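Enquirer: need a 3D model of the sequence below.
(one chain, ligands or ions: 1)
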Amino acid sequence: MSSQPQVRISYELPPMFEEINAKFKINKREILFAWNDPIHGPTIYNPARIYPIPQPLIVHELLHISRQGSTVEQWWQKYIADPQFRLMEEIPAHVVEYGAWISTPGVARSQRRFILNQVAGRLSSDLYGGLITFAEAKRMIKNMEKESRGPDSRDIGF
Ligand SMILES: [Zn+2]
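Expert: Just a heads-up that it's a prediction; the model follows:
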């Protein structure tokens, strides 16, 4: 069984949705929102009702939740207002997401380039405000994911 921490899934709009939508023009895009709720606990808002939510996307949101700590509203305010902060939060989230995709059972090594292109394509997209080029996103995600597996990762061969 999974060792994921408990996370609540809500189909409602997240708190601060008007501010978030004013910045990112969410409209009807399929987007998840991480919210480390001090009362209800870690929550992923899923107003587009994505089902099932792929595990790598849950891992991505949990990374945000872990960094929101006890100041979730301040985290979101900074995320909306500060592109550099947003980039620094999204890079590790995309790295863990990529790592989860490529270690999913049944995903072949030959599919990694396709997955990397997808994940880097999103990180460099206008969804996040064009924070980084596609080439930079690819390089960072690939290298940081490799580093996260430690110095012996090249010998594992999976
Ligand atoms: Zn994210």
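Enquirer: could you report the neighbour count for residue 125?
Expert: Using other CB atoms under 10 Å, residue 125 is surrounded by 14 other residues. Where C-beta positions appear, they are placed from N, C-alpha and C, glycine not excepted.
Enquirer: where does the protein get nearest to the ion, residue-wise?
Expert: residue 93 (4.2 Å; CB to the ion).
Enquirer: might one say that residue 55 is in contact with residue 97?
Expert: No. Here residue 55 lies out of contact with residue 97, judged by CB atoms under 8 Å, at a distance of 9.6 Å.
Enquirer: neighbour count winner among these two?
Expert: residue 97 (27 against 15).
Enquirer: what residues are up against residue 11?
Expert: 45-47, 49 (CB atoms under 8 Å, 6 or more residues apart in numbering).
Enquirer: please indicate which of the residues you listed are buried?
Expert: 45-47 (16 or more other CB atoms under 10 Å).
Enquirer: out of these, who's nearest residue 88?
Expert: residue 45 (21.9 Å; CB to CB).
Enquirer: show me what contacts the closest one?
Expert: 10-14, 32-35.
Enquirer: what do you get if the cut-off is 10 Å, keeping everything else the same?
Expert: 8-15, 17, 20, 31-35, 37, 61 (CB atoms under 10 Å, 6 or more residues apart in numbering).
Enquirer: rewinding a little: count the neighbours of the residue of the chain closest to the ion for me.
Expert: Neighbours around residue 93, by other CB under 10 Å: 21.
Enquirer: that one contacts residue 79, doesn't it?
Expert: No. Between residue 93 and residue 79 there is no contact under CB atoms under 10 Å: 11.2 Å.
Enquirer: intersection of neighbour lists for those two?
Expert: Each of 34, 64 lies in contact with both residue 93 and residue 79 under the rule CB under 10 Å, 6+ apart.
Enquirer: so residue 40 touches residue 12, yeah?
Expert: No. In this structure, residue 40 is not within contact of residue 12 by CB under 10 Å, at 11.3 Å.
Enquirer: restricted to strands, list the contacts of residue 11.
Expert: Cross-referencing these against strands under DSSP state E gives residue 45.
Enquirer: OK, contacts around the most centrally placed residue in the chain?
Expert: The centroid of the chain falls nearest to residue 60 when counting by CA atoms, centre = their mean (3.3 Å). Listed by CB under 10 Å, 6+ apart, the contact partners of residue 60 are 32, 34, 44, 53-54, 90, 92-98, 100-101, 119, 122.
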